[in-house]
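Colleague: the following block contains a protein sequence and its predicted model.
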Amino acid sequence: MDLQIFIQQLINGASLGSMYALIAIGYTMVYGVLRLINFAHGDIMMVGAFLTYFAHQLWGMPFELAVVIGILGAMLVGILTDKIAYKPLRDAPKISLLITAIGISFFLENLFTVLFGSTPKAFKAPEYLTKIFQINDIYLPISVIIIPVVTVLILVAVLWILFKTKQGIAIRALAFDINTVKLMGINADKIIMIVFAIGSALAAIGGVFYAVSYPSIDPLMGIIVGLKAFAAAVLGGIGSVTGAVIGGFILGFTEILVVALFPELGGYKDAFAFFFLILVLLFKPTGIMGQDLERGRF
Amino acid sequence: MSGFLVVEHVTMDFGGVRAIDDLSFEVQKGEIYGLIGPNGAGKTTIFNIITGNLKPTKGRIILEGEDITGIKPNKVVYKGVARTFQNIRLFKSMTVLDNILIGFDAKAKYSYFEAILRLPRYFKYEKIIKEKAYKLMEIFGLTQFADSLATELSYGNQRKVEIARALATGPKLLLLDEPAAGMNPKETAELSEIIHKIKRDFDLTILLIEHDMKFVNAMCDRVTVLDYGEKIFEGKPADAIVDERVVAAYLGDFSNA
Amino acid sequence: MNKIVRNFILIAATIAFIIWGQNNLEPYTLRIVNNIGIFLILALSYNLINGVTGQFSLEPNGFVAIGAYFTALMLIPNETKLDMFALTDPAPIVMQMQASFLPAILIGGLAAAFIAFLLSFPVFRVRGDYLAIVTLGFGFIIRIFAINNPEYTNGALGLNDIPQTANLYWIGGIALITFISMIHIIYSKYGRAMKSVRDDEDAATAMGINTFKIKTMAFMTSAFFEGVGGGLLASYLSTITPDQFSFLLTFQLLIIIVLGGLGSMTGTLVATILVMGGMEWLRFLDDEITLFGHDFGAHPGLRMVVFSILLIVMMLFAREGLFGNKELPDILKKFKKSKS
């Protein structure tokens, strides 16, 4: 494979990896504070994409405003999910929470199927995102550059929040020992709400990016992407935001480059995440960043 | 070192925190030995090391001459070590009988298929362990609760079930983590009696963690006092109470001794 | 004595119903009863890993698919295979797969159990709730594998002309066997061990239980019966495609075991009938809806919206389901005792 194509695929991989990274952050943060795999998180990505589509293409709003609506709407759904379904079960057995999360996930998928129908919809993004530019023999849509750049900026912002703000420190403390944090008078529920808000916002942005890159959306789009993003989070080290991003990019690069190098494996693209997951669990369950969240349990 | 249970130069570090610092003591066969000390002194940690839940940073645990350091908790049971927990951990969805049967289940030698197909060995061994379980419940005065859910019992009785369950595994060494915690004087006296009885009848060596000095005085032949992971005294309980280092560690709080 | 007589009567009555049903029920009703039978097999086994052992898993659709494909390939006559495989010639090993009905079903189950065994290592060795995600992903992987390997599976076209040997005798009979097997497991040291792992894994370990082994046993058992159910499904429907074994199947089973009570086999029995009935009854929600003279149009997916809300509401307000984690006879016994 010649250098031009390699670079082109590298950039594609970065773009895809960004989307996984954005969604993986939400998974890892919620798992960090609640030890819950929020199955509905992938569907939040779908909600963000659909609300943007709805606002822009069915309501006629300008695209930028529609994106904001999509993000705010997704944040609302995420926060409501926690308030209505997860918070009442804080002290229930873990399995109840997981079942509820599956219920929410299935609910969102079917709700949006009822509202929008199951046939994929064409997502129209403005020209400044979809214009194709050319360097030598490489043809790429502008979005493929914009997405990784914006993602890195977002990551920096998230890390700044986690390490430089009071709420962020509380989030990290919660992930470490929720009971002690509560005893110190911190309103754990409010912090958890912030976690859901941030995670949902990022997922929505990821959803919009996804819709811009693969311009069709359908109510079930969040399932596979969500699953893969979670695998990426585990690969990077569940509970670690940096890990989620690293895992996301590794997965994105792998999917694009392996298929570019071995086209016959194309049909298995979606299975790579699963194999990463199995490998990590077999050989290094704490993932790349290696945080052992279960330590100190006795 | 030639004791029944030897804790040999055990050190336990959790990252930067040294929870146990070069701890050594010996328990002789047939003793009731107490581990006492203020909260956070490392008592439950040393229990967890003996049972294999934790691997010590340094040091060994030797039981009857055999090095059992780091043997996994479910395997250490087969070496004859059983324990109870500080916050009673019974199986909440199961009856008292079933809780105790679990202790005996290692002796029920029938396979998965024999269970599904209800072959004769299933009936034979279920009968055997059920009889053993009822005998044990009688000793503890729990027979009338056999079919009650474990959670329906009083705290004192739940503690008894937990000890009975541990006893069902047929241990040589029994580790009791604050068995008298949360009990009133009557229950504590009853517990004291039962522990002495089972020690005699089942030929046990007992290591117990406790705060209640009256209980320790009544129960233990010898004690080790821990403070911040270090041994500050080893000897008879009566001597411990007046030892100045021990008094300092407890800030003289022996009002109930 | 009472218990043995009661069990004997129940079993005899069930067998009598099966024989009567196969010969007397109308096709529509018979179809529903057969569906209930298959779902019962799947739900009972799903309850073993989820409810009894307390390990949240989303495995059924994957193992059902495995059982279905293995059994189908064993049952379809070789000449038919040559015609049916349209995308590419069937692989040599596919041509070697031939068996009569019962062995074919059992092999389907064993294949599923074997895959479960392989999955156990990455999943049960580590702490954390990875079983759910791995099994969820596993369901998707099976579909990907089926589509991308037409020499084994005929790809997206699926397999048809599967001999329809499965009838109420087989389905009802195997459902009865499944139920009895589950009860036998629960009321044995293995069932006790599974429940102890559910209730308090660390205390279970302290009692000498090898929790990895127990979880694997439960998982493999669930997989086996789910594979058998898949084989029966393949034979009953005569046609299988990769898209049939989607998450929807697992979701329906999840609702069933939650409604009946996680860990209660008698609860699952009742809940299967209720949920299958409910699914049928609520089918109208996916069709054209006319309410108070207004035509609301057709909104496919509405039925499952209702069911997902049902599941969420149950988890919030009625987590125990109908029977909790107890079996009906034990509940009745306690009830009688409290009244005296």
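Modeller: Received it, and whenever you're ready, just let me know what you need. Numbers count the residues shown, from 1 in each chain, chains lettered A, B, ... in the order given.
Colleague: any regions of chain A where pLDDT drops low?
Modeller: A:1, A:291-298 (pLDDT under 70).
Colleague: hey, where'd the strands end up in it?
Modeller: With DSSP state E as the criterion, chain A has strands at A:121-122, A:132-135, A:138-141, A:216-217.
Colleague: what's the answer for chain C, then?
Modeller: Using DSSP E, strands in chain C cover C:288-291, C:294-298.
Colleague: for these, which one sits closest to chain A?
Modeller: Closest to chain A of those is strand C:294-298 (Cβ to the nearest Cβ; 10.0 Å). For the C-beta atoms, the positions are set from N, CA and C on the backbone; glycine is no exception.
Colleague: can you list contacts of that closest one?
Modeller: Residues from elsewhere that reach strand C:294-298 (Cβ atoms under 8 Å, 6 or more residues apart in numbering or on different chains): C:286-290.
Colleague: what about those residues, which one has the most neighbours?
Modeller: Within the contacts of strand C:294-298, neighbour counts (other Cβ atoms under 10 Å in any protein chain shown) peak at residue C:286, which reaches 16 neighbours.
Colleague: do stretch A:181-197 and chain B meet?
Modeller: No: Stretch A:181-197 stays clear of chain B (Cβ under 8 Å from any Cβ of the partner chain), getting no nearer than 15.2 Å.
Colleague: buried sites along that stretch?
Modeller: Counting neighbours by 16 or more other Cβ atoms under 10 Å in any protein chain shown, one finds that the buried residues in stretch A:181-197 are A:181, A:186, A:188, A:191-197.
Colleague: and what of stretch A:88-95?
Modeller: Residues A:89, A:95 are the ones in stretch A:88-95 that count as buried (16+ other Cβ under 10 Å).
Colleague: residue of chain B nearest chain A, please.
Modeller: Among all residues of chain B, residue B:48 sits closest to chain A, at 5.2 Å; criterion: Cβ to the nearest Cβ.
Colleague: give me the neighbour count for that residue.
Modeller: Using other Cβ under 10 Å, residue B:48 is surrounded by 21 other residues.
Colleague: doesn't residue B:54 make contact with it?
Modeller: Yes: if you go by Cβ atoms under 8 Å, residue B:48 and residue B:54 touch, sitting 4.5 Å apart.
Colleague: quick one on the thing from earlier: could you dump the strands of chain C to CSV with mean pLDDT and distance to residue A:80?
Modeller: Formatted as CSV, those follow (pLDDT from 0 to 100; distance: least, Cβ to Cβ, whole Å):
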stretch, mean pLDDT, distance to residue A:80
strand C:288-291, 73, 26
strand C:294-298, 73, 25
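Colleague: now do the helices in the stretch 151-257 of chain B.
Modeller: For the stretch 151-257 of chain B, applying DSSP state H, counting those that start in this stretch gives helices covering B:155-168, B:185-202, B:213-219, B:237-242, B:244-249.
Colleague: pick the most buried one from those helices.
Modeller: Comparing these by mean neighbour count (mean count of other Cβ atoms under 10 Å in any protein chain shown), helix B:155-168 comes out on top with a mean of 22.
Colleague: contact residues of the stretch 151-298 of chain A facing chain C?
Modeller: The stretch 151-298 of chain A comes close to chain C at residues A:219, A:223-224, A:227, A:230-231, A:234, A:238, A:267-268, A:270-271, A:273-274, A:277-278, A:281-282, A:285, A:294, as judged by Cβ under 8 Å from any Cβ.
Colleague: in PyMOL, how would I select the buried members of the residues you listed?
Modeller: Buried members of those, defined by 16+ other Cβ under 10 Å, are picked up in PyMOL with:
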select buried, chain A and resi 219+223+227+230+231+234+238+268+270+271+273+274+277+278+281+285
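Colleague: just the ones in helices from the residues of the stretch 151-298 of chain A next to chain C, please.
Modeller: With helices taken from DSSP state H, the overlap with these comprises A:223-224, A:227, A:230-231, A:234, A:273-274, A:277-278, A:281-282.
Colleague: so what does the helix or strand containing residue B:123 touch, helix or strand wise?
Modeller: If you go by DSSP states H and E, residue B:123 is part of helix B:120-140. Contacting helix B:120-140 under the criterion 3 or more Cβ pairs under 8 Å, 6 or more residues apart in numbering or on different chains; DSSP states H and E are the following elements: helix B:96-104, helix B:112-116, helix B:155-168, helix B:185-202.
Colleague: need the contact partners of that helix.
Modeller: B:96-97, B:100-101, B:104-105, B:107-111, B:114-115, B:143, B:145-146, B:160-161, B:163-164, B:167-168, B:194, B:197-198, B:201, C:188-189.
Colleague: same question, stretch A:72-81
Modeller: A:26, A:38, A:40-41, A:44-45, A:47-48, A:51, A:104, A:108, A:193, A:196-197, A:199-201, A:203-204, A:207.
Colleague: pLDDT below threshold where in the stretch 101-250 of chain C?
Modeller: For the stretch 101-250 of chain C, no range has pLDDT under 70.
Colleague: close to chain B: what parts of it are there?
Modeller: Residues of the stretch 101-250 of chain C lying near chain B (Cβ under 8 Å from any Cβ): C:181, C:184-185, C:188-190, C:192-193, C:195-196, C:198-200, C:202-211, C:217.
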